[in-house]
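**Q** structure of the sequence below:
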Amino acid sequence: MEKFPIGDIFHDAIGLRLSAERSDVYGRFGLATIQDHPEYQLIGYRGSISVTHYLIIKMNDVLYEGENGFLQHFEAFLSNLDKMHASGAAGVTGAATLVGLGLAGCAPSLRAGCIVGAVGGVISLIGGLIGEAYYYHSGVKPEMEALISLFQTIDLNR
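**A** Take a look at the predicted model:
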């Protein structure tokens with residue numbers, strides 16, 4: 001740990017032995033326990049495609065584990081990301097189901113089933129997209145901003 005500053009941002013975590021690694025599906029934010037020093041946590045966020053920012057912080061630090069700390073925002077970020085993805089998936093599943101039912105009923109209903117299935121499918125897709133946008137703007141984006149802000153606060157105060 002000598003080459004890794006505690007509480008200061010660094011950009012290369014190669015050489016740190018990590019366990020219990022967690023990140024979002026996009027790899028934008030993550031955390032892991034430092035194997036040789038389990039009282040410390042490595043937190044990180046990818047600022048761009050080629051730059052990831054890392055910090056080492058004590059696991060019992062209020063800025064990490066406390067109310068409104070990094071861990072709480074990380075968990076909320078993951079939860080909102082799951083809700084956003086579930087909303088989009090529900091829209092696609094609903095659309096596929098309605099279109100499939102419409103096609104199955106197309107000939108017997110003299111094409112009315114096709115029209116109902118197509119319209120219902122489009123409405124379902126739009127609903128899924130609206131749900132995704134809602135969860136992004138009301139949950140995912142604010143938590144991303146909070147995580148980056150906390151990261152910078154930790155860097156300034158530790």
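**Q** need the longest helix for this structure.
**A** helix 70-104 (DSSP state H).
**Q** residues of it that come out buried?
**A** Going by neighbour count (16 or more other CB atoms under 10 Å), the buried part of helix 70-104 is 70-74, 76-78, 80-81, 83-84, 87-88, 91, 94-95, 98-99, 102. All C-beta spots, glycine's among them, are computed from the backbone N, C-alpha and C.
**Q** tell me what that helix is packed against?
**A** strand 29-34, helix 62-65, helix 112-135, helix 141-157 (3 or more CB pairs under 8 Å, 6 or more residues apart in numbering; DSSP states H and E).
**Q** nearest to Ile56 among those would be which one?
**A** Taking CB to CB, strand 29-34 is the member of the helices and strands packed on helix 70-104 nearest to Ile56, at 6.8 Å.
**Q** tell me the mean pLDDT over the closest one?
**A** Averaged across strand 29-34, the pLDDT comes to 94.
**Q** pull that strand out as CSV, backbone CA atoms only.
**A** The C-alpha coordinates for strand 29-34 follow below in CSV (Å, rounded to 0.1, in the frame of the first residue of the first chain):
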residue,chain,number,x,y,z
PHE,A,29,-18.6,3.1,-10.6
GLY,A,30,-17.1,0.4,-8.4
LEU,A,31,-15.7,-0.6,-5.0
ALA,A,32,-13.6,-3.4,-3.6
THR,A,33,-12.0,-4.4,-0.4
ILE,A,34,-8.2,-4.3,-0.3
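**Q** returning to that earlier point: what's the angle from the longest helix of the chain to helix 112-135?
**A** 170 degrees (axes from the mean of the first three to the mean of the last three CA atoms, to 10 degrees).
**Q** by how many degrees do helix 70-104 and helix 141-157 diverge?
**A** Using the same axes, to 10 degrees: helix 70-104 against helix 141-157 is 160 degrees.
**Q** and helix 70-104, what's its mean pLDDT?
**A** Throughout helix 70-104, pLDDT has a mean value of 90.
**Q** before we move on, what about stretch 43-53?
**A** 91.
**Q** need phi/psi at the residue located most distally from the centre of the chain.
**A** Distance from the C-alpha centroid of the chain, by CA atoms, centre = their mean, peaks at Leu110 (45.6 Å). Note on Leu110: its backbone torsions stand at phi 60, psi 50 [degrees, to the nearest 10].
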